[in-house]
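**Student:** Quick one, structure for this:
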Amino acid sequence: MDRNSLIGILLIVLTVIVFSIINQPDKEQLARQKALRDSLQKAREQAILADSLSLDKSARDSVEQNPIVPHSDGASLPAVGPFTASALKPGEIFRWRNPEMEIVFNSRGAKMENIRLLNYRNYLSGDTLSLFIPGSQRFGIPLSIGHRLIRTDSLTFSMAVKTLAGDTTQVQFSLRSDSVDAGLDMTYILPPSGYMLGLRVTGHHLGRLAPGQPFDLEWEQKTPQQEKDAQNEKSKSTIFFQDKSGSVDELGSREEEKEEIDYDLKWVGFSQQFFTSTLIAQEAHSRPITLQTSPSDKNVTGWLRHYQATLRLPFTGEGQEHCSFNFYTGPKDYKILKKYDLGLEEQINLGWRGFRWINTLFIINIFQWLSDLNLNYGLIIFILTLIVKIVLSPITYRMYVSSAKMRILKPDIDALNAKYPDPSDALKKNQEMMTLYRRAGVNPLAGCIPALLQMPLLFAMLSFFPSSIELRQQSFLWADDLSTYDAIFTFGYVPLLSDWYGSHVSLLAILMTASTVLYTLMTNTNLGTGPQAQQMKIMMYIMPVFFLLFLNSQPAALCLYYLIANVISILQTIVIREYIIDENKLRARIEENKRRPETKKSKWQQRLEEIQRMQRQRSEELQKRQRRSRR
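**Tutor:** Numbers count the residues shown, from 1 in each chain. Next up, the predicted model:
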């Protein structure tokens, strides 16, 4: 590549960047967009709050209007059985916060009604992120009393708050029967910092209320949209669970998933793309357990998935019984989850286990070290890419040397292709080609092996960037959020185009694809002229199209990493070609190797020739049989 070509490439990149800066919205347009997002978020929250209020009102109306249900002993109880007073009593609200989160408790249901993560914001509204909001969660124990099924999350508990040692807060909710000495306590232990809560469920003679029945904890949650790309967020939202042996599994994120589990679990996590609500049993969640996830109604915007879990409590109904849990409600940050040593970090998609260790042992540690320097994340990605390319530079050098040798031998290879054009002579041609490689001292696989060694790192990065919460809502140049795609132009739904490509144009994906085409043209100059070479040339032009279709909706950070990696590879190729490897000396060495007497064949060459000999024998035997059959 000459100087004029390099100047042309730099001018094209500079033109694209200037065009993006000039065409970004002004302050007035940004204000209008924010006002629109705020109004949509406010309307959504008002609708949810109205639904919540209507649910509470309908519950009270049912208590007042439902007829008396006759009891087996001739007495009569209201439709809510022995909890009439609790059902009619209005709920109380208690707000609590530490530096990381704010929780709104409601004594109606003894539940956390809203959790706000103070260090994170919702992409749509720009407001503090709510993990879930009023009306989007159920958490309670169903009791079959008489002929009615009563859920404790529809009853009002009494509430008592006190401060414990070390600035820890205890919130205790108590529910007692009107008729018998029985009830339920839900006690939350709130830390002065962090995202891990304590929860203790205490049953008091529950068998007197529901004799002979098992006691289950029902937990349901709707997940609101938090990110820019709802479809991508939905595909990464599912239920994770860990058994007692430490093995972690998930339900999947298809339309609807349900699993009946007949073994004990350590924890169950309602997982979103970057956040999770995980209920951890101090002993184990007893079997049987039912987990279910389904997408939210497509006609209702702002919601992604609906999670449900039914967990068996180890209660017999006799006397006072306890069951203790921990509740993690926070970000899927690897360094935070890892310190609990509970396997919670397995909810972060860091790739297949064969490649995951690259992220957990190396990439995450380097990335965290760079993040602590308080640099822009675009610059951090550049430095990370540079470190990776330096580590891989010996492999890159070997690949280029192998490519240069094959380029020097290209005239000889073309001559062999011309000498044996008939496919039936393929074995002879391959034999002579192997002899050529052996005498020239060239290993045709020397370029493939280094490329294969880079594949684990390639796949590791493919998982790391989409799962890194540190990149969430971090901007760089025209990309306003590196954890999702950069869009310089958006358009409405177009059949097929939107399904395959998306309804937006990612500039980083275009630049990355263009750099891939340029690098491929620079390095693949020795493809030859045979049919296989023609197929390779076709693939060279088809693959960038697939790259563009795939990367257009991928995180901007991933496209930026591959773009920088390609630019560095192009520069490495130019430096190696112009200043490190002298192809004239390399050609002279190969010619000298050809003139030398043939040395002893390596074991690999002997084995390859033996395979070719056996193939030739089978081919000859097959031809003989065909000639006999014709007679």
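
**Student:** from here on, contacts and neighbour counts on C-alpha atoms
**Tutor:** Will do.

**Student:** What mean pLDDT does the lengthiest strand in the chain get?
**Tutor:** Ranked by residue count under DSSP state E, the longest strand found in the chain is strand 275-295. Taken as a whole, strand 275-295 has a mean pLDDT of 89.

**Student:** Direction included, what does it pair against?
**Tutor:** strand 257-261 (antiparallel), strand 265-271 (antiparallel), strand 303-312 (antiparallel), strand 320-331 (antiparallel) (DSSP bridges).

**Student:** tell me the most buried of those strands?
**Tutor:** Stretch with highest mean neighbour count among these: strand 265-271 (a mean of 25; mean count of other C-alpha atoms under 10 Å).

**Student:** Can I get it in CSV, CA atoms only?
**Tutor:** Provided in CSV are the C-alpha atoms of strand 265-271 (Å, rounded to 0.1, in the frame of the first residue of the first chain):
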residue,chain,number,x,y,z
LEU,A,265,-31.6,-25.4,44.5
LYS,A,266,-29.3,-22.9,46.1
TRP,A,267,-30.5,-19.8,44.4
VAL,A,268,-32.9,-18.6,41.7
GLY,A,269,-32.3,-15.4,39.7
PHE,A,270,-34.7,-13.3,37.7
SER,A,271,-32.0,-12.0,35.3
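
**Student:** on that earlier part again, show me what counts as buried in the longest strand of the chain.
**Tutor:** Residues of strand 275-295 classed as buried: 275-281, 284-295 (neighbour count, 16 or more other C-alpha atoms under 10 Å).

**Student:** same thing with stretch 555-571?
**Tutor:** 555-570.

**Student:** Skip the chain neighbours and tell me the closest residue to Ser86.
**Tutor:** Closest residue to Ser86 apart from its sequence neighbours, by C-alpha to C-alpha, 6 or more residues apart in numbering: Thr156 at 4.9 Å.

**Student:** other SSEs contacting the host helix or strand of Leu518?
**Tutor:** Element membership of Leu518, judged by DSSP states H and E, is helix 507-523. In terms of contacts (3 or more C-alpha pairs under 8 Å, 6 or more residues apart in numbering; DSSP states H and E), helix 507-523 is packed against helix 531-551, helix 556-575.

**Student:** tell me which residues in that helix are buried?
**Tutor:** Across helix 507-523, burial judged by 16+ other C-alpha under 10 Å covers 507-517, 519-520.

**Student:** how much space is there between the residue nearest to Phe215 when sequence neighbours are not counted and Pro288?
**Tutor:** Sequence neighbours aside, Leu313 is the residue nearest to Phe215 in space, at 5.6 Å (criterion: C-alpha to C-alpha, 6+ apart). Computed as C-alpha to C-alpha, to the nearest Å, the Leu313 to Pro288 distance reads 10 Å.

**Student:** where's the residue nearest to Ile150 when sequence neighbours are not counted relative to Arg151, distance?
**Tutor:** Once flanking residues are discounted, Ile150 sits nearest to Leu143: 5.2 Å by C-alpha to C-alpha, 6+ apart. Counting by C-alpha to C-alpha, the gap from Leu143 to Arg151 is 6 Å.

**Student:** Those two: which has the busier surroundings?
**Tutor:** More crowded of Leu143 and Arg151, by other C-alpha atoms under 10 Å: Leu143, with 20 against 17.

**Student:** a strand runs through that one, doesn't it?
**Tutor:** Yes: remark: Leu143 belongs to a strand, assigned using DSSP: H, G, I helix; E, B strand; the rest coil.

**Student:** Tell me how many other residues crowd Ser506.
**Tutor:** Ser506: 24 surrounding residues under other C-alpha under 10 Å.

**Student:** Who are the contact partners of it?
**Tutor:** Neighbouring residues of Ser506 by C-alpha atoms under 8 Å, 6 or more residues apart in numbering: 485-489, 552-553.

**Student:** how about 10 Å then?
**Tutor:** Going by C-alpha atoms under 10 Å, 6 or more residues apart in numbering, Ser506 touches 479, 485-490, 548, 551-556, 559.

**Student:** Show me how far stretch 572-581 is from its chain's centre.
**Tutor:** When C-alpha coordinates are averaged (C-alpha atoms, centre = their mean, to the nearest Å), stretch 572-581 and its chain have centres 38 Å apart.

**Student:** Can you give me the first-to-last residue distance of it?
**Tutor:** Stretch 572-581: ends 12 Å apart by C-alpha to C-alpha.

**Student:** Excluding chain neighbours, what is closest to Arg208?
**Tutor:** Nearest to Arg208 is Ala182, by C-alpha to C-alpha, 6+ apart, at 6.7 Å.

**Student:** typo on my end, Pro456
**Tutor:** Of all residues not flanking Pro456 in the chain, Phe355 sits nearest, at 5.6 Å (C-alpha to C-alpha, 6+ apart).

**Student:** now His322
**Tutor:** According to C-alpha to C-alpha, 6+ apart, the nearest residue to His322 is Thr202 (4.5 Å).

**Student:** so how far is Arg312 from the one you found?
**Tutor:** Distance check for Thr202 against Arg312: by C-alpha to C-alpha, it reads 14 Å.

**Student:** next one: Leu560
**Tutor:** 47 Å.

**Student:** domains of the protein?
**Tutor:** The chain breaks down into these domains under automatic domain parsing: 27-71+78-348, 356-595.

**Student:** can you list those domains in JSON lines and add distance to Arg625?
**Tutor:** As requested, the domains of the chain are exported to JSON lines (distance: least, C-alpha to C-alpha, whole Å):
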{"stretch": "domain 27-71+78-348", "distance to Arg625": "54"}
{"stretch": "domain 356-595", "distance to Arg625": "16"}
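
**Student:** circling back to that earlier point, between the contacts of Ser506, which has the most around it?
**Tutor:** Among those, the one with the most neighbours (other C-alpha under 10 Å) is Ala556, at 29 neighbours.

**Student:** Tell me the predicted confidence for that residue.
**Tutor:** If you check Ala556, the pLDDT there is 92.

**Student:** Kindly report the same for the one 5 residues further on.
**Tutor:** Listed pLDDT for Tyr561 reads 91.

**Student:** number of nearby residues for the residue nearest to Arg208?
**Tutor:** By the criterion of other C-alpha under 10 Å, Ala182 has 20 neighbours.

**Student:** got a list of what it touches?
**Tutor:** The contact partners of Ala182, taken as C-alpha under 10 Å, 6+ apart, are 82, 175-176, 203-209, 317, 319-320.

**Student:** In strands, which of those residues fall?
**Tutor:** Taking DSSP E as the definition of strands, the contacts of Ala182 contribute 175-176, 203-204, 320.

**Student:** from the residues you listed, which is closest to Arg627?
**Tutor:** Set against Arg627, the nearest of those by C-alpha to C-alpha is Gly203 (87.8 Å).

**Student:** was I right about the residue nearest to Phe215 contacting Arg287?
**Tutor:** Yes: between Leu313 and Arg287 there is a contact under C-alpha atoms under 10 Å: 8.7 Å.

**Student:** Please name whichever of the domains of the chain is nearest to Arg613.
**Tutor:** In terms of C-alpha to C-alpha, the element of the domains of the chain nearest to Arg613 is domain 356-595, at 8.7 Å.

**Student:** circling back: and the residue nearest to Pro456, what pLDDT?
**Tutor:** As predicted, Phe355 sits at a pLDDT of 81.

**Student:** how about low-confidence regions in the stretch 401-550 of the chain?
**Tutor:** Low-confidence segments of the stretch 401-550 of the chain (pLDDT under 70): 423-427, 438-451, 524-534, 536.

**Student:** which secondary structure element contains Ala404?
**Tutor:** Going by DSSP H and E, Ala404 is in helix 393-408.

**Student:** buried stuff in that helix?
**Tutor:** In terms of neighbour count (16+ other C-alpha under 10 Å), helix 393-408 has its buried residues at 395-408.
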